[in-house]
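Visitor: fold the stuff below for me.
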Amino acid sequence: MTTDLSDLDAAATAWKKMGRDFGDLRDDYQKYVRSIAKGNSWEGVAAEVFLESSTKTTAHEFLGAENQAIAIGNLLLDAYKQLKKMKKAVEDVRDDAIAAGMHVNSSGRCSYDVDKNTPEQNRVAAQHPDHAEALERKWDERIRDAVQKVSDADYEIKAALHNITKDQDGKGEADGFNSKASGDVSVNSAERAVELARKGDEMNETKLNQFNTLLKQNTNDKVFAETFAKRMGADGTLGFWYGLQPNSSVNSEKRQTLLNRIQRNLGKTLGTATRSDSPAMERWENEMISQGPKRLDGYYSPRGYQVMTDLMRSGDYDNQFLRKYGDSLVQFEKEQRDKGYGPEDVWLSHSGDDAYSTSQIENPWNNDPVTGLMEGLGHNPGASTKFFLDEENYNYLVNTGQEGARDWPTAALSSGEGTGHNSLGHALESAVTGHSYGGGPADSEQWSGQRDRGEVQAELMRRVMETYGGPDSPREQQPGMGDSLGRMGAAYIDDINYGIHGFGGKDQEKMDYDKILGSDGGDLLKGKNGEILLDSPTVVSFMGELGVDEEAYDVMSKAQAVYTAERISEHSETEDAYGAAKLGAYGHGMLDEARVQAIGDEYDDDVQRYKAKTEEANKWLEGVSSTAVYTATGGLSAVTMGGSAFLMPSIAGGAGSAITAMLNEQIGGGENPQQKIDGDDIAHLQLKFNNNALENSTNSIYGYMDREGIEGYERGDIASAVENFYYRGKMLVDDANEPEED
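Guide: This next block holds a predicted model:
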């Protein structure tokens, strides 16, 4: 707060003047000194030696000194501007904290200030001390973040100054001046990062920390990223990461943690670099793809694909590069399959006593590169959509169990996962929603941007529904896919609800489906001329599959509740509000019946586990009903509950329309399933589940009737009609009943 940054400005001016002075000295040296040796007045060996040595001095070192001094001046000027702006940001957030009723001490710590708040605010703070503490923590964090940015910039400037004064041009005197000095902080930071990286496995923890700090501060800096990638080259990048042995069992816990951080930041840096369209980066990308099939260091070493996709797990890569890289990887694996080698043969270590076994050789690169590719595609929706629109790619990776499809490895991966299906789900989720599965690019913790459910995404989602809603659904063979399938379903909840009602074709109660479900409902299912592109039984089967899987059921139950409440809210004060409740309850019934049947099928032979799982489901349902969620309409609705975030289409027509679903933000999948429930028999638990599920499906309409003052026989008739639709939905997926036509 008290630093006088004007010294930096003055130093920058002085250094640039020094550079110009060196230029003048170079001219004088050439004119008044070297001219003597060139003339006829000085001859002999001494003159020849001087002429040779002075050529280095005048032709290069004076030039190097001029360039280096001017570059330092430009770097210091850049530093002055950066730090001045960041210091102002610290001052601003301090002032904002004071204006918000905080006292800020000299260390930047905040405390609630009764003298700066109103009596009413002080009364509330006294009654709710946790609220005041939360405010203090919020302002502490904001000030700390602003100060940290200054510290990070200071470190980067220091690293740039360290790098700029090293003689890196390879000309003139050894350890002379640096004629290639750049006044760009990003370029110098990248050069320093390259210098550290070239130390390879000789980097100690101090050097690794320095390297990671440079990456972390510049992951989105295009100049830094491209400079680093070009200087390292494709083979140098692979060799560096391979040489660090990031998954070796001999790494200490501290070193492994640090390498994990470098993995994320290096992946993000390379992703930023690929978004450059320079010829140099195009060559880097082509070289990286060509390195894919090659082993880095002998027969038992990993291939380039394995090393690079280990870095693709994070980062926002160029769509075209990621697509080309993915196609190349899949094509290589297919070629190996045609030679008789499956994915486990190609990528993973094997146990055994034969001469070719790698069981006695440590191979920390025991990773499936296709899994890494899926994580990369999961963060890059554009590339993922195009990749899976290719039917060969889709059929090979998604149609598990079908002829010609990939046999996903089940051996342990370097990421610690058992299979790659979870990553496959991330990539598909990204492809059909147009949005990174983890939030935004580069692992953003917040939902950002608009979900893109355009024509190509809808085409791909239709293919997903046909795959998982068809007779050969691969869901059971793909553990870990459930949460992603649920989020995909939530993103198309309007189309799914439209489809499960048979497109309004047959129903004993005549309702305007298009009006009740929204004019956009069913866009996925309808062609440009109104023809049906996806039959209702397939949609119904897909909905049932989502209900069977525990994680998919979790997400879809919430999504169905929000969707139903939104439809009721849209048709408030009209008869269509009750129609929306009926249609919503129908979908709830399907999900609930599928879930309870799945529990029975999975635990039928183990009564205690069956009881525990049913009670867990009950606990989950009881939590669904405790709070209301509101969201403004505007093209994107993002709902986060219990750590399961999902995107939904915003259906309601009026801006600010309330979503009145009673959903609990704290849902976490229920309590410990091993709780004591011996006193509950199975029939009682099933009844309890059914009652809780029915309550969940009708909460919105009961809340609506409460607001509208609907009571007596009218309330009973409406409730009975809605519950009737709920049970009809259950019957549709009940194995003991024939499906109804609608």
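Visitor: just checking, Val464 touches Val432?
Guide: Yes. If you go by CB atoms under 8 Å, Val464 and Val432 touch, sitting 6.2 Å apart. For glycine as for every other residue, the C-beta is placed from the backbone atoms N, C-alpha and C.
Visitor: what touches both of the two?
Guide: Met488 (CB atoms under 8 Å, 6 or more residues apart in numbering).
Visitor: report the buried residues of stretch 107-124.
Guide: Neighbour counts using 16 or more other CB atoms under 10 Å place 108, 110, 112, 117, 122 of stretch 107-124 among the buried residues.
Visitor: and which of those is nearest Gln331?
Guide: Relative to Gln331, the closest of these is Gly108; by CB to CB it sits at 55.4 Å.
Visitor: what about the closest residue in space to that closest one that isn't next to it in sequence, which helix or strand?
Guide: Excluding its sequence neighbours, the residue lying closest to Gly108 (CB to CB, 6 or more residues apart in numbering) is Ile143, at 4.5 Å. Assigned by DSSP states H and E, Ile143 falls within helix 129-164.
Visitor: now the helices for the stretch 101-250 of the chain?
Guide: Applying DSSP state H, counting those that start in this stretch to the stretch 101-250 of the chain gives helices spanning 119-127, 129-164, 185-197, 205-218, 222-243.
Visitor: helix or strand for Asp706, which one?
Guide: Assigned by DSSP H and E, Asp706 belongs to helix 682-708.
Visitor: hmm, I typed the wrong one, I wanted Arg715.
Guide: With DSSP H and E as the test, Arg715 turns up in helix 712-733.
Visitor: coming back round to it: nearest to Gln320 among the buried residues of stretch 107-124?
Guide: Using CB to CB, the buried residues of stretch 107-124 come closest to Gln320 at Gly108, 45.3 Å.
Visitor: list the contacts of the closest one.
Guide: 94, 140, 143-144, 147.
Visitor: buried ones in stretch 151-171?
Guide: Neighbour-count burial for stretch 151-171 [16+ other CB under 10 Å]: 153, 156-157, 159-161, 163-164, 167, 169.
Visitor: farthest pair within the residues you listed?
Guide: Pairwise distances across the buried residues of stretch 151-171 peak at 27.3 Å for Ala153 and Asp169 (criterion: CB to CB).
Visitor: before we move on, back to that, would you list the buried entries among the contacts of Gly108?
Guide: Here, 16+ other CB under 10 Å leaves 94, 140, 143, 147 buried among the contacts of Gly108.
Visitor: now those in JSON lines, with pLDDT?
Guide: Putting the buried ones among the contacts of Gly108 into JSON lines (pLDDT from 0 to 100) gives the following:
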{"residue": "Arg94", "pLDDT": "94"}
{"residue": "Asp140", "pLDDT": "93"}
{"residue": "Ile143", "pLDDT": "94"}
{"residue": "Val147", "pLDDT": "92"}
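Visitor: assign Glu466 to helix, strand or coil.
Guide: helix (DSSP: H, G, I helix; E, B strand; the rest coil).
Visitor: which residues does it contact?
Guide: So Glu466 contacts 534, 538 (CB under 8 Å, 6+ apart).
Visitor: pLDDT at it, what is it?
Guide: Looking at Glu466, its pLDDT stands at 93.
Visitor: do the same with Asn699
Guide: So Asn699 comes in at 73 (pLDDT).
Visitor: could you do Glu615 as well?
Guide: So Glu615 comes in at 63 (pLDDT).
Visitor: what of Ser436?
Guide: 84.
Visitor: find the residue closest to it in space, skipping its chain neighbours.
Guide: Ser436's closest residue in space is His379 (CB to CB, 6+ apart), at 5.0 Å.
Visitor: coming back round to it: which two in the buried ones among the contacts of Gly108 are spaced the farthest apart?
Guide: Arg94 and Asp140 (11.5 Å).
Visitor: what residue ranges in the stretch 251-400 of the chain score low on pLDDT?
Guide: 349-364, 366 (pLDDT under 70).
Visitor: those helices in it, which residues are they?
Guide: Under DSSP H, counting those that start in this stretch, the stretch 251-400 of the chain gives helices at 253-274, 279-291, 304-311, 319-338, 343-347, 369-378, 381-389, 391-398.
Visitor: now these in CSV, with distance to Val562 and mean neighbour count?
Guide: Shown next, in CSV, are the helices of the stretch 251-400 of the chain (distance: least, CB to CB, whole Å; neighbours: other CB atoms under 10 Å):
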stretch, distance to Val562, mean neighbour count
helix 253-274, 33, 20
helix 279-291, 42, 17
helix 304-311, 36, 26
helix 319-338, 31, 18
helix 343-347, 39, 18
helix 369-378, 24, 28
helix 381-389, 23, 24
helix 391-398, 28, 17
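Visitor: avg pLDDT for stretch 728-737?
Guide: 69.
Visitor: hmm, I was thinking of stretch 534-548
Guide: Mean per-residue pLDDT for stretch 534-548: 88.
Visitor: which of the residues in that stretch are buried?
Guide: Quick answer for stretch 534-548 (16+ other CB under 10 Å): 534, 536, 538-548.
Visitor: from the residues you listed, pick the one nearest Arg567.
Guide: Looking across the buried residues of stretch 534-548 and measuring by CB to CB, the closest to Arg567 is Met543, at 16.6 Å.
Visitor: check which helix or strand covers that closest one.
Guide: helix 536-548.
Visitor: and the residue nearest to Thr433 when sequence neighbours are not counted, how far from Gly434?
Guide: In this structure, Thr433 finds its nearest non-sequential neighbour in Ala491, 4.6 Å apart by CB to CB, 6+ apart. Per CB to CB, to the nearest Å, Ala491 is found 9 Å from Gly434.
Visitor: looking at those two, which is more packed in?
Guide: Set side by side, Ala491 and Gly434 show more neighbours around Ala491, with 24 against 20, by other CB atoms under 10 Å.
Visitor: surely that one touches Arg453?
Guide: Yes. Assessed by CB under 8 Å, Ala491 is found in contact with Arg453 at 6.7 Å.
Visitor: still on that earlier bit, need the helices of the stretch 101-250 of the chain in a markdown table with distance to Ala100, can you?
Guide: Shown next, in a markdown table, are those (distance: least, CB to CB, whole Å):
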| stretch | distance to Ala100 |
| --- | --- |
| helix 119-127 | 10 |
| helix 129-164 | 7 |
| helix 185-197 | 34 |
| helix 205-218 | 29 |
| helix 222-243 | 36 |
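Visitor: hang on, isn't Arg231 packed against Ala190?
Guide: Yes. Applying CB under 8 Å as the test, Arg231 and Ala190 come out as touching, 6.8 Å apart.
Visitor: more crowded one of those two?
Guide: Ala190 (30 against 17).
Visitor: nearest residue to the more buried one in space, ignoring adjacent ones along the chain?
Guide: Nearest one to Ala190, counting by CB to CB, 6+ apart, is Thr227 at 3.6 Å.
Visitor: for Leu373, what are its contacts?
Guide: 309, 312, 325-326, 329, 427.
Visitor: let's see that with 6 Å instead.
Guide: For Leu373, the contacting residues are 309, 326, 329, by CB atoms under 6 Å, 6 or more residues apart in numbering.
Visitor: which of those sits closest to Asn497?
Guide: Gly326 (33.6 Å).
Visitor: surely the closest one meets Phe387?
Guide: Yes. Counting by CB atoms under 6 Å, Gly326 touches Phe387, with 5.2 Å between them.
Visitor: which other residues reach stretch 421-436?
Guide: With CB under 6 Å, 6+ apart as the criterion, stretch 421-436 contacts 371, 374-375, 377-379, 381, 384-385, 388, 437, 451-452, 457, 460-461, 478-481, 484, 487-488, 491, 647.
Visitor: er, stretch 514-526 actually
Guide: 458, 462, 492, 494-495, 497-499, 533-534, 576, 579-580, 651.
Visitor: do stretch 109-127 as well
Guide: Residues contacting stretch 109-127 (CB under 6 Å, 6+ apart): 97, 101-104, 132, 136, 139-140.
Visitor: which of these are buried, as a PyMOL select command?
Guide: To isolate the buried members of those in PyMOL, using 16+ other CB under 10 Å:
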select buried, resi 97+101+102+104+132+136+139+140
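Visitor: among the contacts of stretch 109-127, which two are most distant?
Guide: Val104 and Ala132 (15.0 Å).
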